[in-house]
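>>> Got a predicted model here, sequence first, then my questions.
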Amino acid sequence: MSRRGWILFALMSVIWGIPYLMIKVAVGGVSVPVLVFARTAVGAAVLLPLALWAGLPRGILRHWRPLAAFAAIEIIVPWWLLSDAERHLTSSMTGLLIAASPIIAVVLGRLTGDAERLGAVRWAGLAVGLAGVAVLAAPELRGGDPWAITEVLLTATCYAVAPIIAARRLQDVPALPMTALCLTLAALVYTPPAIMTWPAALPSGQVLAALAGLALICTALAFIVFFALIREVGTSRALVFTYVNPAVAVTAGVIVLGEPLTVPILVSFALILGGSVLATVSRRGDAGTPAGETEPAALRARS
C-alpha cells in the first residue's frame, strides 16, 4: 500500500473510531433529534454540492425505494438508537457492541440467500464473536439497562441489513450521490423533531464541539476520506480499517472520558474482534470484506 494509502487508512481508523466518544458528550447537552439532525444536515450540506458538481447519475430517482430504505436502515433509525443508547452506556461498550455488525451480517446473509457456504473457520468466528457480545452485554442485561443494550444491537443489525440492500438493489448507484441523497433525506426527516426539541439555551462549548466534530469530521470528512481511500487501495483493503475502530473507541473512552477498562471489556474486545475477522473471511482468505460484497455495500455511515 502506498504512503498516501497508509495515511488515509490511519485517518479512517480514527475518524470512524471516535464518534462514540463525541456522541456520549453531545447527548449530555442536546436531544437525540437535534444531534442526528446536526450530523445529517451538515453532512448533506457538504456532500450534496460535491455530488451535484460531479453530476448525478441519469435515472437515479428510479431507485428511490431502495434509496429510501437504505437511508432509513443505515442512518435514520440506527443513528437515533445509537445516540439514545449512549445516554446510558459508556462509549467504549457501545463501540465494541457495534463491532459485532459483521457477525450479524454473515448470519443475515445466510438467511437471505447468500450462496456461499460457511466453512469451519467462519462458523467458529460466529461463535467466538457472539460469545464476546454475551460477555459484554450480560452484566447490563442482569442489572443495568437492557433496553440500551438492545438499542445498540438493533443498530448493529441495521448496519448489517443496509449493505444487503445496497449490494442487491443499488449496485449501479455511485457511492457519493447515494450517500449525499441519503443524508439529505435523513436531515429532512429529523427537521421537525429537532425543531420541537431545540435547546432553550446555548449548549456548552464541549457539546458544541462534539456536534461539530460529529458533523464535519465523522460524517462529511469521513466519507470524503473514505472515497479517496477506496480509489487509492480498493474496497477490500479499505474496509480493513473497520477492525481498528473498536480499539480506537475503547482507547478514546478510557483516556478522554475516564471510562473503566475492565477485564470483561478486554475479553469481549478480543472475542468480538477476532470473531468478526474470522466470520468475514472469504474462501480466498480475504478478511477485508465479506465475499461477494460490492463497493456500495461497503459505504456505511458508521456510528
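Arrived safely, thanks for sending.
>>> can you pull out the helices in the stretch 1-150 of the chain?
Ranges of helices within the stretch 1-150 of the chain are 3-15, 19-26, 32-54, 64-71, 77-85, 91-98, 101-111, 120-143, 146-169, based on DSSP state H, counting those that start in this stretch.
>>> for the following helix or strand past the last one, packing partners?
Under the assignment DSSP states H and E, the closest C-terminal helix or strand after helix 146-169 is helix 175-196. Using 3 or more C-beta pairs under 8 Å, 6 or more residues apart in numbering; DSSP states H and E as the contact test, the elements touching helix 175-196 are helix 32-54, helix 64-71, helix 222-233, helix 295-298. (Each C-beta comes from the backbone N, C-alpha and C, glycine too.)
>>> Tell me how far the first one lies from the chain's centre.
This points to helix 32-54. In terms of C-alpha atoms, centre = their mean, to the nearest Å, the centre of helix 32-54 is found 16 Å from the chain centre.
>>> Show the average pLDDT along that helix.
Average pLDDT, helix 32-54: 93.
>>> Give me the contacts around it.
For helix 32-54, contacts defined as C-beta atoms under 8 Å, 6 or more residues apart in numbering pick out 23, 26-27, 30, 75-76, 79-80, 83-84, 87, 176-177, 179-181, 183-184, 186-187, 190-191, 193-194, 196-199, 211, 214-216, 218-220, 223-224.
>>> Name the residues of it that are buried.
32-44, 46-48, 50-51 (16 or more other C-beta atoms under 10 Å).
>>> which regions of the stretch 101-250 of the chain sit below the pLDDT cut-off?
Applying pLDDT under 70 to the stretch 101-250 of the chain flags the ranges 113-118, 140-143, 235-241.
>>> which among the contacts of helix 32-54 end up buried?
23, 26-27, 30, 75-76, 79-80, 83-84, 176-177, 179-181, 183-184, 186-187, 190, 193-194, 211, 214-216, 218-220, 223.
>>> any idea how far Ile230 is from Gly95?
23 Å (C-beta to C-beta, to the nearest Å).
>>> between these two, which one's more packed in?
A direct count of neighbours by other C-beta atoms under 10 Å for Gly95 and Ile230 places Gly95 higher, at 31 against 19.
>>> how close does the nearest residue to that one once chain neighbours are set aside get to Pro49?
Once flanking residues are discounted, Gly95 sits nearest to Ala249: 2.7 Å by C-beta to C-beta, 6 or more residues apart in numbering. From Ala249 across to Pro49, the span is 31 Å (C-beta to C-beta).
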